[in-house]
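Undergrad: I need the structure of the sequence given here:
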Amino acid sequence: MVRKRRASDPAVQSMVCSARPPGFSMSRPVLELEQLRLRYPGSDRWTLNGLDLTLTSGETMALVGASGCGKSTVARAVMQLLPPGTQCEGTLRLTGIDPRLLDRPSLRRLRGQAAGLVFQDPMTRLNPLMTVGSHLLDTLKAHRPDSSDSWRQQRRDELLERVGIGARRRRAFPHELSGGMRQRLAIALAIALEPPLLIADEPTTSLDVAVAGQVMAELSGLCAEMGSALLLISHDLAMAARWCERMAMLDGGRKVEDGPSQQLLTQPRSEVGKRLVASARAREGGQTPSRPDADTVLSVDEMRCWHTVGGTPWSPVWLKAVDGISLTLRAGESLGVVGASGCGKSTLCRALMGLNSIRGGRVELLGQNLLSLKGEPLRQARRALQMVFQDPLACLNPALSVADAIADPLLIHGLCSKASARQRARELMERVGLNPAEQFQDRLPRQLSGGQQQRVAIARALALQPKVLICDESVSMLDAEVQAEVLALLRELQQELGLAMIFVTHDLSVASGFCHRVIVLDKGQIVEEGPGERIFRAPQAVISRTLVDACPRLP
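TA: Alright, predicted model coming up:
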């Protein structure tokens, strides 16, 4: 164990009293890792196993690699956000300070002053009961207790303006902000004390490409303005190369490749580098045309989903989330649905699944008008339409084993006995690549990797033998290699079972590579439709051009 120095030690106090402590020069590395090894409690393997990494002021570096390679653990180690009992050996210096030597009060002062952290999901850091302005005032008061109220308020407004939220939104609550705005608030909190190092851990995973581009431009610009180093942790190789000059590839907790981003993506030297780049390119590959003579399985005509957002009972104000959408889907066809945040993609999916009310139009599934059915007939009809969600861990019961989670729909609909349902679950597990099934059937969802969790979600969706599968951002949280594996699995299942798919994504490059056709939504309406590759090469609608321009691609 590393011995902690007392908070009363003058050396410790002087080191953490400012963002750039005495003795720290801009030419000295802001982050130094040498032969860093880290093992979580209860684990028999080193998550980080001899990692060497150096980052200097003003440098931008992307940390990439397959799931489980240790990317996010680097951020947790630097900030010392580790569970009790974690073993951490080797050299770790943040602005010349080893955070492992500090007691909790000193470590809290170091965080934010020496390094700011932007999380993947900003809502995990934001307090839903505090306003936007209160979050910033709370941070400033904690780290600058001697400052005046007027200075803190002025600094709060300045930060909100700098990240593009605007000081007038200081009284808003987190739930009143869009995903992009919440991430901007997270950036404001991270840069509040102008730290020499900013760590962004998958900061754009849940954002559409246009908003992601805006957020990354803001983040990069602020780092350049402050002279701070940026460590970007990402599974998206193209996005990482777009915003970072340097890239480091991790595998098994070690750095296997390091160099200029463009060079690493065009001439990868390591085996894992070659594999990830190949997977990313495969994801962008084109899809073959669908069969024009296949039967229509889903037909949507002038569907409307309007919600009241104010006004009075006799004069309501309507949000037209889906406003007159018409589409058809044939057996074996995949239809991509893309658009910016708030365009109506998720509302369309939820309406088709019966999770959002439909105010008008017609929805025919296998020739039956779903809007005219009720009760048991509607329940039986909807078995042909199933959904795979973005976050598999959030849609799986944490208390159910993998086999029970997959068998559950069969039992709910009374289609077979418990023993038969378990057997069918094992067959589906083998079908989606979780083999041997005996190795996975009794595990809980949290004991699986992200790719394995998504395979369980797909198997569960297939349990009722649907004709239409809706995939709502089903690969956006996965790294390039796992993403390519899941997309290949979906293609294989589609060809084998004749599945029709609605593939919702914010990434037009993924849609153009995977889907036969693509529709682009804006303000609840279809503004462009056609082959994905054509839309990607020559977009016609304004929003389509915005999405193409914002979409990073491999060199």
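Undergrad: Break the protein into its domains for me.
TA: In the assignment given by automatic domain parsing, the structural domains of the chain cover 10-257, 296-366+467-550.
Undergrad: Let me have those in a markdown table, adding distance to residue 394, mean pLDDT and mean neighbour count as columns.
TA: Using the backbone N, CA and C atoms, a C-beta is placed for each residue, glycine as well. Putting those into a markdown table (distance: least, Cβ to Cβ, whole Å; pLDDT from 0 to 100; neighbours: other Cβ atoms under 10 Å) gives the following:
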| stretch | distance to residue 394 | mean pLDDT | mean neighbour count |
| --- | --- | --- | --- |
| domain 10-257 | 11 | 87 | 19 |
| domain 296-366+467-550 | 10 | 89 | 19 |
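Undergrad: export the ones you listed to JSON lines and tack on distance to residue 276?
TA: Formatted as JSON lines, the entries for these read as follows, by distance: least, Cβ to Cβ, whole Å:
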{"stretch": "domain 10-257", "distance to residue 276": "6"}
{"stretch": "domain 296-366+467-550", "distance to residue 276": "5"}
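Undergrad: so which of the ones you listed gets nearest residue 387?
TA: Distances from residue 387 to each of these were compared using Cβ to Cβ; the minimum, 4.4 Å, belongs to domain 296-366+467-550.
Undergrad: Distance from the chain centre to that closest one, please.
TA: When distances are taken as Cα atoms, centre = their mean, to the nearest Å, domain 296-366+467-550 is centred 18 Å away from the chain's centroid.
Undergrad: One more: stretch 367-387?
TA: In this view, stretch 367-387 has its centroid 32 Å away from the chain centroid, taken as Cα atoms, centre = their mean.
Undergrad: okay, how far is it across that stretch, tip to tip?
TA: 20 Å (Cα to Cα, to the nearest Å).
Undergrad: How about residues contacting that stretch?
TA: Around stretch 367-387, the neighbours that count as contacts under Cβ atoms under 8 Å, 6 or more residues apart in numbering are 297-298, 349, 352-354, 358, 361-366, 413, 461-462, 464-472.
Undergrad: just so I have it, where are all the strands in the stretch 151-300 of the chain?
TA: Secondary structure of the stretch 151-300 of the chain (DSSP state E, counting those that start in this stretch): strands at 197-201, 229-233, 246-251, 254-260, 296-312.
Undergrad: Give me the sheet partners of the longest one and which way each runs.
TA: Strand 296-312 has these partner strands in its sheet, going by DSSP bridges: strand 315-330 (antiparallel), strand 360-365 (antiparallel).
Undergrad: Which among those strands is found nearest to residue 391?
TA: Using Cβ to Cβ as the criterion, the shortest distance between residue 391 and the strands paired with strand 296-312 is 21.1 Å, found for strand 315-330.
Undergrad: In PDB, list the C-alpha atoms belonging to the closest one.
TA: What follows is strand 315-330 as a C-alpha-only set of coordinates in PDB (Å, rounded to 0.1, in the frame of the first residue of the first chain):
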ATOM      1  CA  SER A 315     -56.000  26.200 -26.400                       C
ATOM      2  CA  PRO A 316     -53.100  23.800 -25.900                       C
ATOM      3  CA  VAL A 317     -49.600  24.200 -27.300                       C
ATOM      4  CA  TRP A 318     -48.600  21.100 -29.200                       C
ATOM      5  CA  LEU A 319     -45.200  19.500 -29.700                       C
ATOM      6  CA  LYS A 320     -45.400  17.700 -33.000                       C
ATOM      7  CA  ALA A 321     -42.800  15.000 -32.300                       C
ATOM      8  CA  VAL A 322     -44.000  12.900 -35.300                       C
ATOM      9  CA  ASP A 323     -46.000  14.900 -37.800                       C
ATOM     10  CA  GLY A 324     -47.300  12.900 -40.700                       C
ATOM     11  CA  ILE A 325     -44.700  10.200 -41.300                       C
ATOM     12  CA  SER A 326     -45.400   7.500 -44.000                       C
ATOM     13  CA  LEU A 327     -43.100   4.600 -44.700                       C
ATOM     14  CA  THR A 328     -43.100   0.900 -45.800                       C
ATOM     15  CA  LEU A 329     -40.900  -2.000 -44.800                       C
ATOM     16  CA  ARG A 330     -40.500  -5.200 -46.700                       C
END
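Undergrad: hmm, back to that, turn the strands of the stretch 151-300 of the chain into TSV, including distance to residue 101.
TA: What follows is the strands of the stretch 151-300 of the chain, written out as TSV (distance: least, Cβ to Cβ, whole Å):
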stretch	distance to residue 101
strand 197-201	18
strand 229-233	21
strand 246-251	26
strand 254-260	24
strand 296-312	53
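Undergrad: closest to residue 177 out of those?
TA: strand 296-312 (15.5 Å).
Undergrad: Now, the contacts of stretch 367-387 that are in helices?
TA: 349, 352, 461, 462 (DSSP state H).
Undergrad: contacting residues around the first one?
TA: Think residue 349. 337, 387, 470, 472, 502, 504.
Undergrad: From those residues, which land in strands?
TA: Among the contacts of residue 349, DSSP state E puts 337, 387, 470, 472, 502, 504 in strands.
Undergrad: Please produce JSON lines containing these, extended by distance to residue 141.
TA: Shown next, in JSON lines, are these (distance: Cβ to Cβ, whole Å):
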{"residue": "337", "distance to residue 141": "45"}
{"residue": "387", "distance to residue 141": "45"}
{"residue": "470", "distance to residue 141": "46"}
{"residue": "472", "distance to residue 141": "40"}
{"residue": "502", "distance to residue 141": "48"}
{"residue": "504", "distance to residue 141": "42"}
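Undergrad: Just the closest of those to residue 304, please.
TA: Checking the ones in strands among the contacts of residue 349 against residue 304 by Cβ to Cβ gives residue 337 as the nearest, at 16.6 Å.
Undergrad: Now do the contacts for the closest one.
TA: Residue 337 neighbours (Cβ under 8 Å, 6+ apart): 345, 348, 349, 502, 503, 504, 505, 511, 518, 519, 521.
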